[in-house]
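Student: following is a predicted model, sequence given first.
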Amino acid sequence: MSDTSLLRRGVLNGLRWLEKFRYLKFGIVGASGTVVNLVVLHLGHEYLFTAIEPAGSKPYASLALAITLATLNNFTWNRLWTWSDRVKAEALAQHMDAEHPGTGQLTREFGKYAAASGFGSALQYILTLLLSGTMDYRLANVIAIVVASVSNFLANDKWTFKRRP
C-alpha cells in the first residue's frame with residue numbers, strides 16, 4: 001500500500017472518528033463562522049460603514065451584517081456536516097432527497113435555524129455592544145460569540161435538527 005493511500009485512509013478514519021462528536025463538529029463550524037463574523041465586522045466597521053460608524057463608535061450596522069452572514073455560513077455547514085445524519089433521516093421520512101432539497105424544505109430548515117439561533121444572535125449583538133465600550137470591538141465580539149454558542153447548539157440540536165423517533 002502506498003504512502004498516499006495510507007494517508008488518505010488515516011484522514012478518512014480520523015474524520016469518521018470525529019463524526020461521533022456532534023458538539024465538536026458544531027465548534028469547528030462555529031470557528032469558521034467566527035472567522036466570517038470577524039472579517040465582515042472588521043471590513044464593515046473600518047471601511048464599508050465608515051459614514052454611519054465613525055472610528056471609535058459602536059459597530060451597529062457592521063455587527064448586524066456580520067451576524068447575518070455568519071449565520072448563513074453556519075447553517076450551511078451545520079446542515080451539511082454537523083447534523084447531516086438527521087437531515088438525511090428527515091428527508092427519508094418525508095420521502096425527499098436530502099442531497100437536493102426542495103426550496104420549501106430548505107426555507108423551513110433555515111427559518112427554524114434562524115429562529116433557534118435568534119436568542120444567541122441577540123445575546124451576541126447586545127454583549128458585543130456592551131463590551132465594546134471597555135475593549136476592542138473585535139475582542140468583545142469573540143467573547144460574545146463564545147457565550148452565545150452554547151444556547152445556539154442546544155436550540156438547534158433540540159429543535160431545528162431534532163432527532164426523530
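Tutor: Thanks, I have it.
Student: V40 reaches L65, doesn't it?
Tutor: Yes: with contact defined as CB atoms under 8 Å, V40 counts as touching L65 (5.8 Å). The C-beta positions use only the backbone N, C-alpha and C, and glycine is treated the same way.
Student: ok, longest helix in this protein?
Tutor: The residue-count maximum for a helix in the chain (DSSP state H) belongs to helix 103-131.
Student: for the nearest residue to F161 once chain neighbours are set aside, list the residues it contacts.
Tutor: In space, F161 comes closest to W83 once its chain neighbours are excluded; the distance is 3.6 Å by CB to CB, 6 or more residues apart in numbering. The contact partners of W83, by CB atoms under 8 Å, 6 or more residues apart in numbering, come to 22, 156-157, 160-161.
Student: now whichever helix or strand comes after the longest helix of the chain, how far from the centre of its chain.
Tutor: Using DSSP states H and E, the helix or strand that follows helix 103-131 towards the C-terminus is helix 137-155. Mean-position distance between helix 137-155 and its chain equals 11 Å (CA atoms, centre = their mean, to the nearest Å).
Student: CA atoms only for helix 137-155, dumped as CSV, please.
Tutor: What follows is helix 137-155, C-alpha atoms only, in CSV (Å, rounded to 0.1, in the frame of the first residue of the first chain):
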residue,chain,number,x,y,z
TYR,A,137,-15.0,45.6,19.4
ARG,A,138,-13.4,42.5,17.8
LEU,A,139,-12.4,41.0,21.2
ALA,A,140,-15.8,41.9,22.6
ASN,A,141,-17.4,40.1,19.6
VAL,A,142,-15.3,36.9,20.2
ILE,A,143,-16.3,36.8,23.9
ALA,A,144,-20.0,37.3,22.9
ILE,A,145,-19.8,34.5,20.3
VAL,A,146,-18.4,32.1,22.9
VAL,A,147,-21.2,32.9,25.4
ALA,A,148,-23.9,32.6,22.7
SER,A,149,-22.6,29.4,21.2
VAL,A,150,-24.0,27.2,24.0
SER,A,151,-27.6,28.3,23.5
ASN,A,152,-27.2,28.1,19.7
PHE,A,153,-26.1,24.4,20.0
LEU,A,154,-28.8,23.4,22.4
ALA,A,155,-31.6,25.2,20.4
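Student: I'm done for today, thanks for sticking with me.
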